[in-house]
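Make a model of this:
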Amino acid sequence: MKTPAQFFRFALCFSLALLLFSGLLACNRGRHRVLEVNYVSAPQATLRDQVSYVYNRVGTVNNGERVEVLEHEKRFSRVRTATGLEGWIEQRYLVSQATYDALQKLTEENQADPVQALAVLRNETNLHLTPGRETEHLYQLAAGAKVSMLKRATAEKQPGAVPPSLKPTKTGIGKAGKAPPGPVLEDWLLVRDAQNRVGWVLARMVDLDIPLDVAQYAEGQRFVACFVLDQVRDEAKEGADKNVAQYLCAITEPHDGLPYDYDQIRVFTWNVRKHRYETAYREHGLNGVLPITVTTENFDKEGTLPVFILRVKDDNGNISDRKYKLNTPIVRRVLAPGEQKEAPKAARRRRH
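Got it, this is the predicted structure:
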């Protein structure tokens, strides 16, 4: 049986051990406590063992990777990856959970949007949450990446975005001269990449994939959308595939910041006797708003025909739909019940 002195020493040692163990647990919890969740916005970033001019590289993280933030110090954060790797990273390479969630929401909201044109990126490009060079972004797409174009918007050009040798003009970037009053606007495009991620990219970083046989009719204008309406068969066509696509294109002036998405449409049909594209229909003077919808519809005796629907804004800012059908090579308006056909002041058909 223990004496009172022995019991007292045992109780004291047990209490000290318990306090030490509790302290170690608290220290360990503090060291590994997760402050927040971030995502890597750089193509690739280095994890370092310490915040110092001299450091050891402990690993790398890649674009879009999820990390847990354990500690902040000056311009750096100590993070832990999904594999348990820990290290310090520059905070400018991280974006918040809120930005990630907002980009996920943007993707969900536009996942079913009709594709207006296929496109290729000229350079490495960030997917922005909203139009603008300084807006939040997470994913970075590689040069040459293929994307689907969905919508267009404009944003104010940030100071310093224009080379010193070029100054803004009333229609965008031009020869050196006096800047116009008010902000200078840039075009931005909402795109969806091969992984179904959606975001805004600067329009000048994008080349629309317009067939060369059609692009030659640009006449100094800019193609902003292109759709295959249907295909016709040309037995004289070389190769096993005798089918040739017929196209609807939306076109505009080659300037950023315009108050409409397009002001002209052209329908290109294939002449099976002359084996070439011809302009079957052209309409000018539109205050067009993307997206354009292309579908098919049954017209009794005419059968099932390609149909396209334009969204056009009037002088009061109201947007209405205009439906057209293609019965090759004729394009005609399809009037809704009670709708009256407008005077064809800006529309005309022509062949060339």
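
CA atoms for contacts and neighbours, from now on please.
Noted.

domain ranges for the protein?
The chain is divided into the following domains under automatic domain parsing: 27-97, 110-209, 214-352.

all strands for the stretch 101-250 of the chain, in order.
For the stretch 101-250 of the chain, applying DSSP state E, counting those that start in this stretch gives strands covering 117-121, 125-128, 137-141, 146-156, 167-169, 172-174, 185-192, 198-202, 206-208, 222-233, 243-252.

Need the winner for burial among those.
Counting by mean count of other CA atoms under 10 Å, strand 198-202 has the highest mean neighbour count of those, with a mean of 26.

Same list (the strands of the stretch 101-250 of the chain) but as JSON lines, adding distance to Ala42 and mean pLDDT.
Formatted as JSON lines, those follow (distance: least, CA to CA, whole Å; pLDDT from 0 to 100):
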{"stretch": "strand 117-121", "distance to Ala42": "18", "mean pLDDT": "97"}
{"stretch": "strand 125-128", "distance to Ala42": "10", "mean pLDDT": "96"}
{"stretch": "strand 137-141", "distance to Ala42": "7", "mean pLDDT": "96"}
{"stretch": "strand 146-156", "distance to Ala42": "20", "mean pLDDT": "97"}
{"stretch": "strand 167-169", "distance to Ala42": "31", "mean pLDDT": "42"}
{"stretch": "strand 172-174", "distance to Ala42": "29", "mean pLDDT": "39"}
{"stretch": "strand 185-192", "distance to Ala42": "19", "mean pLDDT": "97"}
{"stretch": "strand 198-202", "distance to Ala42": "16", "mean pLDDT": "98"}
{"stretch": "strand 206-208", "distance to Ala42": "20", "mean pLDDT": "96"}
{"stretch": "strand 222-233", "distance to Ala42": "30", "mean pLDDT": "96"}
{"stretch": "strand 243-252", "distance to Ala42": "35", "mean pLDDT": "97"}
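
For Leu103, which of the domains of the chain is the nearest?
Comparing the domains of the chain against Leu103 with CA to CA, the closest turns out to be domain 110-209 (5.9 Å).

any idea how far the closest one is from the chain center?
Distance of domain 110-209 from the chain centroid (CA atoms, centre = their mean, to the nearest Å) equals 8 Å.

end-to-end on it?
21 Å (CA to CA, to the nearest Å).

And stretch 110-126, by the same measure?
End-to-end distance for stretch 110-126: 18 Å, by CA to CA.

With respect to Asn287, which of the strands of the stretch 101-250 of the chain lies nearest?
Of all these, strand 243-252 sits nearest to Asn287, with 10.1 Å by CA to CA.

mind giving me JSON lines with the domains of the chain and columns for distance to Gln104?
Converted to JSON lines, these look like this (distance: least, CA to CA, whole Å):
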{"stretch": "domain 27-97", "distance to Gln104": "10"}
{"stretch": "domain 110-209", "distance to Gln104": "8"}
{"stretch": "domain 214-352", "distance to Gln104": "21"}
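
Tyr277: helix or strand, and which one exactly?
Tyr277 is part of strand 276-283, with elements assigned from DSSP states H and E.

before we move on, back to that, next, format the strands of the stretch 101-250 of the chain as JSON lines and append distance to Asn298.
Formatted as JSON lines, the strands of the stretch 101-250 of the chain follow (distance: least, CA to CA, whole Å):
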{"stretch": "strand 117-121", "distance to Asn298": "25"}
{"stretch": "strand 125-128", "distance to Asn298": "40"}
{"stretch": "strand 137-141", "distance to Asn298": "41"}
{"stretch": "strand 146-156", "distance to Asn298": "27"}
{"stretch": "strand 167-169", "distance to Asn298": "48"}
{"stretch": "strand 172-174", "distance to Asn298": "44"}
{"stretch": "strand 185-192", "distance to Asn298": "31"}
{"stretch": "strand 198-202", "distance to Asn298": "34"}
{"stretch": "strand 206-208", "distance to Asn298": "31"}
{"stretch": "strand 222-233", "distance to Asn298": "14"}
{"stretch": "strand 243-252", "distance to Asn298": "19"}
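
out of those, which comes closest to Glu297?
Using CA to CA, those put strand 222-233 closest to Glu297, at 12.0 Å.

Tell me which strands that closest one pairs with, and in which orientation.
The pairing partners recorded for strand 222-233 under DSSP bridges are strand 243-252 (antiparallel).

what's the neighbour count on Val334?
Residues near Val334, counting by other CA atoms under 10 Å, number 15.

Any stretches of the stretch 1-150 of the chain with poor pLDDT?
For the stretch 1-150 of the chain, residues meeting the criterion pLDDT under 70 lie at 1-32.

what's the closest of the strands of the stretch 101-250 of the chain to Pro291?
With CA to CA as the criterion, Pro291 lies closest to strand 146-156 of the strands of the stretch 101-250 of the chain, at 6.4 Å.

Listing partners with orientation, what would you give for the closest one?
Partner strands and pairing direction for strand 146-156 (DSSP bridges) are strand 117-121 (antiparallel), strand 185-192 (antiparallel).
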